[in-house]
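> below is the structure, and that's it, no one-letter string:
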């Protein structure tokens, strides 16, 4: 099971990927949103690692977030990011600058709250 610091490193790595898209991240908003979602996933898993837990898959993680009273407030922004990432990867739609901005806000909320908890 990965440790807290490994999850944090992976979260930052994914955020660096999004930053590397440069001055026109809207061009690849689908991949930027996917990178932001996986950053959020690793921030959540860093929290669980501090408690000796690990979510086996997305469904289990959703349930774990909902059941953990310290994380319940993150359930909505996490799922908004997850849904945006799913849309980006599987639907033939082009996401907008506003979708990307909303996803950044979700990640900011998750990151801020997780750092308060770990």
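That came in fine, so what should we check first? Just so you know, these numbers come straight off a predicted model, no measurement behind them.

> quick one: residues contacting residue 27.
Residue 27 makes contact with residue 21 under the criterion Cβ atoms under 8 Å, 6 or more residues apart in numbering. Any C-beta I mention is one placed from the backbone N, CA and C, and that applies to glycine too.

> mind checking the SS state of it?
Recorded secondary structure, residue 27: helix (DSSP: H, G, I helix; E, B strand; the rest coil).

> report pLDDT for it.
Looking at residue 27, its pLDDT reads 82.

> state the mean pLDDT of whichever helix or strand residue 103 is part of.
Using DSSP states H and E, the element containing residue 103 is helix 97-117. Mean pLDDT, helix 97-117: 96.

> run a quick neighbour tally on the closest residue to residue 15 other than its chain neighbours.
Distances taken as Cβ to Cβ, 6 or more residues apart in numbering put residue 39 closest to residue 15, at 5.0 Å, once the chain neighbours are dropped. As a burial measure, residue 39 scores 24 neighbours (other Cβ atoms under 10 Å).

> and what of residue 115?
Residue 115: 12 surrounding residues under other Cβ under 10 Å.

> how near is it to residue 34?
Applying Cβ to Cβ, to the nearest Å, the value for residue 115 to residue 34 is 22 Å.

> ok, back up a step: isn't the residue nearest to residue 15 up against residue 14?
Yes. Using Cβ atoms under 8 Å, residue 39 is in contact with residue 14, at 4.1 Å.

> ok, now which ones touch the spatially most central residue of the chain?
For the chain, the residue nearest the mean C-alpha position is residue 40 (2.0 Å; Cα atoms, centre = their mean). By Cβ under 8 Å, 6+ apart, the residues touching residue 40 are 11, 77-78, 81, 106-107, 110-111.
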